[in-house]
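J.: Mind folding the following:
(chains A and B)
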Amino acid sequence: MKAMNKTLLAVAVAATTTLAGFAQAGPVSDDKVKIGVLADMGGVYADICGPGCVTAVEMAVEDFGGTVLGMPIEVVSADDQLKPDVGSAKVRQWVENEQVDAVGGLVSSAVVGAATKVLTDNKKIALISTAASNAFTTSACSPYNVHWTYNVAAMANGTVKPIVQSGKKKWFFITADYAFGHALEGVATEVIVENGGEVVGGVRAPLGTTDFSSYVLQAQASGADVVALANAGGDTVNALKTAAEFGLTQTADVAGLLVFTPNAQAMDPATAGGMTLTTGFYWDYDDATRAWSKRFKERHGAIPAMGHAGAYSMTMHYLKAIEAAGTDESDAVMAKMKEMKPDDFFARNATLRADGRMVHDMYYVQIKKADERRDADDIFKVIDVIPGDTAFAPMLPECNFVKS
Amino acid sequence: MATFLGINLFGLFGQLLVGLINGSFYALLSLGLAIIFGLLKIINFAQGAMYMLGAFAAWMALNYLGINYWLALILVPLAVGAAGILMERLLIRPIAKEDHLYSLLLTFGIALMLQGMFTHVFGSSGMAYAIPEALQGGIKLPFMYLPTYRAWIVVASILVCGATWWMIEKTRLGAYLRAGTENAQLMQAFGINVPLMVTLTFGFGVGLAGFAGVMAAPVYSVSPDMGSNLLIIVFAIVVIGGMGSIGGAILTGLGMGIVEGLTKYFYPEASSTVIFLVMVIVLLLKPAGLFGKEA
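T.: Residues are numbered from 1 along each chain as shown, chains lettered A, B, ... in the order given. Predicted coordinates:
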């Protein structure tokens, strides 16, 4: 019986691969374009991408008209549960058995690292909207990676540089003790030292730490001018809350190196008001961002975080590239995506570099105090627009896939 | 600055005090669990979710009903306790005779459902809850700045823990309770309504989690996963303290707060694991826990 099952399986596998082979003969493989959205749907990062990224991708597909080259566009989604093994297994199933052409969403850097490997092996495109690590276009770069919204380098350049240049030279780090936190601390330290500042101390707090009072005391004792929070989500919110409680915010600046709109909304304006940070998108920037964000909020129930707007913009660009290339074959589409200039409410003065890094205007913003806010969605004041070239690190020669 | 063996003493005092503050919070949390787990022998994995429920109830009371912190401190534990009583009567009671694993799985499922529901409604980023006005600000000590609210946590925790310990260990009601869990049939023969007592005790233990939730709301992010992060630590504290020992849970809570605080100072990377290391050592040397009676 077991042997027979195996035989059946082999026949089935052979049949699918042959069929897939035939189908790829046309301009659009298997007569449709299928986009998967992989994200943490119910965990700590659900608000910064999650179901909202699915909505954003669906909006892009609808706005594009629902078809490309006369073939329907389909969107599927899955929960990676923040686990690299779960995420990469899902992506493998999608690209190997379910004819998925590109995967969007992509949040936790650990999951994205595993997922992009599977995608590259299968020559399918990774549309990375929310992950922070800069590895996807540096040490782990791939001709099939597209990294759209932001990365740790842009955050560090955007937030750290103006503060060091304003004369606040002594820095202390409260860092999330895993790959993302280390990466963020690393690039921020480079920016501090390059601009004549110094790092006087730091602690590595485990992910999901509830009580930061011990770390805040250490930061206070270090005599630092600025305490940088190289963490994300609930960790940032808790650390900032404690910093305010222990009076740290009165003696030093607290800089959140990665703060998403939902996290900023979760902070008490009395403690967070006045803090500066960098973001790839703010819904209330101008008429174009407001118009899109209004539509998004009607469907999703909350204002978009930068990853949501990025997911929409990136999906649009991907679909336009398919149309221009006349096929959904990954190499041709990637070439078109890099050739065409992304230009919409999100991507301003933008180019998609040969290494897959989308370079665009970033925003240096300040969290509004309670008396400056119209309503719960009115959280940032845009202080400065940071040109993409200043925000993002230059391309590594070995990641220039177009040249090679 | 005063130093000893190269250690900044002021810094160390600060860490010890912060450890004590966290310890009193752990004591408060482990107390409810120690009562349910230690006396009733129910492994309540929903205790963390009840703590989360307490914090959210305080937030909802303030934002929807205008009920302030002080009133919430009384009303929310009652409401959460009532939810606990319903849970015990409707769900846990029918499987009380089965293996402990059943109640563990049941309460774990309830915890996941509650957490999922709150994530669905409120999102995962959490809500802001301000410190009540009377407790804002702080006191400048020679070695650190002590926020008033943290001092209040210590005071409230000592009061509640002390009162609970006294009630269970020193009063007639407590004696009935301890006897009832030891030998239910005998107590029933004496005319004590043991099932009712179990229900009320469960409600009380869950209510304590609700109380801790209200206490936590102003200082920690009110978010759906706030309970699941703490639950395992609190279970470890109850195990280290010894099953069935109320005083043991309180003292271990305080002690583990200090141990964790010192770890955060000397080697922060290990701060999330040090309590489990202590648990392993204690279980190897004294399987019944530090204050537990040998089984």
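J.: need the helices for the stretch 251-400 of chain A, in chain order.
T.: Assigned by DSSP state H, counting those that start in this stretch, the helices in the stretch 251-400 of chain A fall at A:261-266, A:269-272, A:287-300, A:306-325, A:330-339, A:388-391.
J.: Which one of those lies nearest to chain B?
T.: Closest approach to chain B among the helices of the stretch 251-400 of chain A is made by helix A:261-266 (4.1 Å; C-beta to the nearest C-beta). Using the backbone N, CA and C atoms, a C-beta is placed for each residue, glycine as well.
J.: any residues touching that closest one, and which ones?
T.: Helix A:261-266 has contacts (C-beta atoms under 8 Å, 6 or more residues apart in numbering or on different chains) with A:47-48, A:232-234, A:236-237, A:272, A:277, A:279, A:282-283, A:302-306, A:367, A:376-377, A:379-380, B:123, B:125-128, B:221, B:223.
J.: Among these, name the buried ones.
T.: Buried by 16 or more other C-beta atoms under 10 Å in any protein chain shown: A:47-48, A:232-234, A:236-237, A:272, A:277, A:279, A:282-283, A:302-306, A:367, A:379-380, B:123, B:125-128, B:221, B:223, out of the contacts of helix A:261-266.
J.: Any stretches of the chain with poor pLDDT?
T.: Went with chain A since none was named. By pLDDT under 70, the low-scoring segments of chain A are A:1-26, A:403-404.
J.: Correction: the question concerned chain B.
T.: Filtered on pLDDT under 70, chain B yields the residue ranges B:1-8, B:293-295.
J.: now the strands: where do they sit in the stretch 101-250 of chain B?
T.: Ranges of strands in the stretch 101-250 of chain B, per DSSP state E, counting those that start in this stretch, are B:138-140, B:145-147.
J.: Let me know whether the first one sits next to chain A.
T.: Yes: applying C-beta under 8 Å from any C-beta of the partner chain, one finds strand B:138-140 in contact with chain A at residue B:138.
J.: So in terms of bridging, what pairs with residue B:222?
T.: Following DSSP bridges, residue B:222 is listed with bridge partners residue B:127.
J.: Is it in contact with residue B:129, as I believe?
T.: Yes: judged on C-beta atoms under 8 Å, residue B:222 makes contact with residue B:129 at a distance of 5.5 Å.
J.: what do these two both touch?
T.: With C-beta under 8 Å, 6+ apart, residue B:222 and residue B:129 have common neighbours B:55, B:58, B:59.
J.: interface residues of the stretch 151-295 of chain B facing chain A?
T.: Counting by C-beta under 8 Å from any C-beta, the stretch 151-295 of chain B comes close to chain A at B:219-221, B:223, B:225-226, B:229-230, B:261, B:264-265, B:268-269, B:271-272.
J.: three-state assignment of the most centrally placed residue in chain A?
T.: For chain A, the residue nearest the mean C-alpha position is residue A:130 (1.7 Å; C-alpha atoms, centre = their mean). Three-state assignment for residue A:130 (DSSP: H, G, I helix; E, B strand; the rest coil): coil.
J.: Next up, phi/psi of it, please.
T.: phi -120, psi -10 (degrees, to the nearest 10).
J.: do you know how far it is from residue A:396?
T.: Per C-beta to C-beta, to the nearest Å, residue A:130 is found 23 Å from residue A:396.
J.: now do residue A:53
T.: From residue A:53 to residue A:396 the distance is 28 Å (C-beta to C-beta).
J.: Next: residue A:159.
T.: Counting by C-beta to C-beta, the separation of residue A:159 from residue A:396 is 23 Å.
J.: Next: residue B:136.
T.: Distance of residue B:136 to residue A:396, given as C-beta to C-beta: 50 Å.
J.: Contact partners for the residue nearest to residue A:383 when sequence neighbours are not counted?
T.: In this structure, residue A:383 finds its nearest non-sequential neighbour in residue A:364, 5.0 Å apart by C-beta to C-beta, 6 or more residues apart in numbering or on different chains. Neighbour list for residue A:364: A:158, A:159, A:162, A:276, A:277, A:278, A:382, A:383, A:384, A:385, A:386 [criterion: C-beta under 8 Å, 6+ apart].
J.: can you do 10 Å?
T.: Counting by C-beta atoms under 10 Å, 6 or more residues apart in numbering or on different chains, residue A:364 makes contact with A:158-159, A:161-162, A:276-279, A:380, A:382-386, A:391.
J.: Show me the shared contacts of residue B:222 and residue B:129 that map onto helices.
T.: Counting by DSSP state H, the part of these found in helices is B:55, B:58, B:59.
J.: and the last one, how many neighbours?
T.: Going back to what we said before, that points to residue B:59. The number of residues packed near residue B:59 is 21, by other C-beta atoms under 10 Å in any protein chain shown.
J.: next one: the second one
T.: Using other C-beta under 10 Å, the number of residues around residue B:58 comes to 28.
J.: How about the residues of the stretch 301-404 of chain A by chain B?
T.: Neighbours of chain B within the stretch 301-404 of chain A, by C-beta under 10 Å from any C-beta of the partner chain: A:301, A:302, A:305.
J.: Format these as a markdown table; extra columns: distance to residue B:202.
T.: Below are those laid out as a markdown table (distance: C-beta to C-beta, whole Å):
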| residue | distance to residue B:202 |
| --- | --- |
| A:301 | 36 |
| A:302 | 37 |
| A:305 | 41 |
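J.: ok, so of the residues you listed, who is nearest chain B?
T.: Nearest to chain B among these: residue A:302, at 7.1 Å, using C-beta to the nearest C-beta.
J.: Return a ChimeraX selection command for the buried portion of the contacts of residue A:364.
T.: Entered in ChimeraX, the line below selects the buried ones among the contacts of residue A:364, by 16+ other C-beta under 10 Å:
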select /A:158,159,161,162,276,277,278,279,380,386,391
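J.: quick one: which of the contacts of residue A:364 is nearest residue A:121?
T.: Taking C-beta to C-beta as the measure, residue A:121 lies nearest residue A:391 of these, at 31.1 Å.
J.: The closest one and residue A:145, how far apart?
T.: Taken as C-beta to C-beta, the span from residue A:391 to residue A:145 is 19 Å.
J.: all helices of the stretch 101-250 of chain B, in order?
T.: Secondary structure of the stretch 101-250 of chain B (DSSP H, counting those that start in this stretch): helices at B:148-170, B:172-182, B:184-189, B:194-216, B:226-241, B:246-266.
J.: Residue 30: neighbouring residues, count only.
T.: By default, I'm working from chain A. By the criterion of other C-beta under 10 Å, residue A:30 has 17 neighbours.
J.: I was after chain B.
T.: The burial count for residue B:30: 34, using other C-beta under 10 Å.
J.: doesn't residue A:387 make contact with residue A:351?
T.: No: applying C-beta atoms under 10 Å as the test, residue A:351 and residue A:387 come out as separate, 11.6 Å apart.
J.: the more surrounded of those two?
T.: residue A:351 (17 against 13).
J.: what's near enough to touch that one?
T.: By C-beta under 10 Å, 6+ apart, the contact set of residue A:351 is A:338, A:340, A:341, A:342, A:343, A:357, A:358, A:359, A:360, A:388, A:389.
J.: swap in residue A:153?
T.: Counting by C-beta under 10 Å, 6+ apart, residue A:153 touches A:132-134, A:137-138, A:183-184, A:186-188, A:190-191, A:357, A:391-394.
J.: how much space between it and residue A:260?
T.: According to C-beta to C-beta, residue A:153 stands 17 Å off from residue A:260.
J.: The lengthiest helix in chain B and chain A, are they touching?
T.: Ordering each helix of chain B by length in residues (DSSP H) puts helix B:9-33 first. Yes: counting by C-beta under 10 Å from any C-beta, chain A has neighbours in helix B:9-33: B:10, B:11, B:13, B:14, B:15, B:17, B:18, B:19, B:21, B:22, B:25, B:26.
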